[in-house]
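*Asks:* have a look; sequence and predicted model below, questions after that.
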Amino acid sequence: MDSIISLFTDAATYRLITIVILSIFLGIEVISRVPSVLHTPLMSGANAIHGVVIIGAIIVMGQAETTDYLALTLGFLAVILGTLNVVGGFVVTDRMLEMFSKKKKK
């Protein structure tokens, strides 16, 4: 019985690894086909999605035991990196929109 369970576990692991590898190739292919004019707005919008990562990391840290240092450390790291990505996305968007605004004459 244990060998059957381990077989399904191994097969599921291989499937997940295959999905991750295929999604990496798909992501590279999709990003390489995006024109450079659209690249900045798409990436800044995608970076704003990291707000979900921040909320999830805060929930993980709130549910973790005080002795679970791995969950607390990974949650803290996810909050820091997610915050940097969100702020960077908004800065890039702001700079992009500033390029299209009318310049004031002196």
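*Replies:* It's in.

*Asks:* so where's the chain uncertain?
*Replies:* 1-10, 36-48, 104-106 (pLDDT under 70).

*Asks:* in it, which residue is most central in space?
*Replies:* Closest residue to the average C-alpha location of the chain: H50 at 5.6 Å, with Cα atoms, centre = their mean.

*Asks:* now it: how far from S23?
*Replies:* 18 Å (Cβ to Cβ, to the nearest Å). Every residue, glycine included, has its C-beta placed from N, CA and C.

*Asks:* so L84, which state does it fall into?
*Replies:* Of the three states, L84 takes helix under DSSP: H, G, I helix; E, B strand; the rest coil.

*Asks:* again with S32
*Replies:* Quick answer, by three-state DSSP: S32 is helix.

*Asks:* what's near enough to touch it?
*Replies:* Contacts for S32 (Cβ atoms under 8 Å, 6 or more residues apart in numbering) come out as none.

*Asks:* distance of it from F100?
*Replies:* Taken as Cβ to Cβ, the span from S32 to F100 is 26 Å.

*Asks:* please apply the same query to T66.
*Replies:* Following Cβ to Cβ, the distance that separates T66 from F100 is 50 Å.

*Asks:* which strand or helix spans M99?
*Replies:* helix 69-100 (DSSP states H and E).

*Asks:* which strands and helices sit next to that helix?
*Replies:* Counting contacts by 3 or more Cβ pairs under 8 Å, 6 or more residues apart in numbering; DSSP states H and E, helix 69-100 packs against helix 36-48, helix 50-63.

*Asks:* run through the neighbouring helices and strands of the longest one.
*Replies:* Going back to what we said before, that points to helix 50-63. Partner elements for helix 50-63 (3+ Cβ pairs under 8 Å, 6+ apart): helix 69-100.
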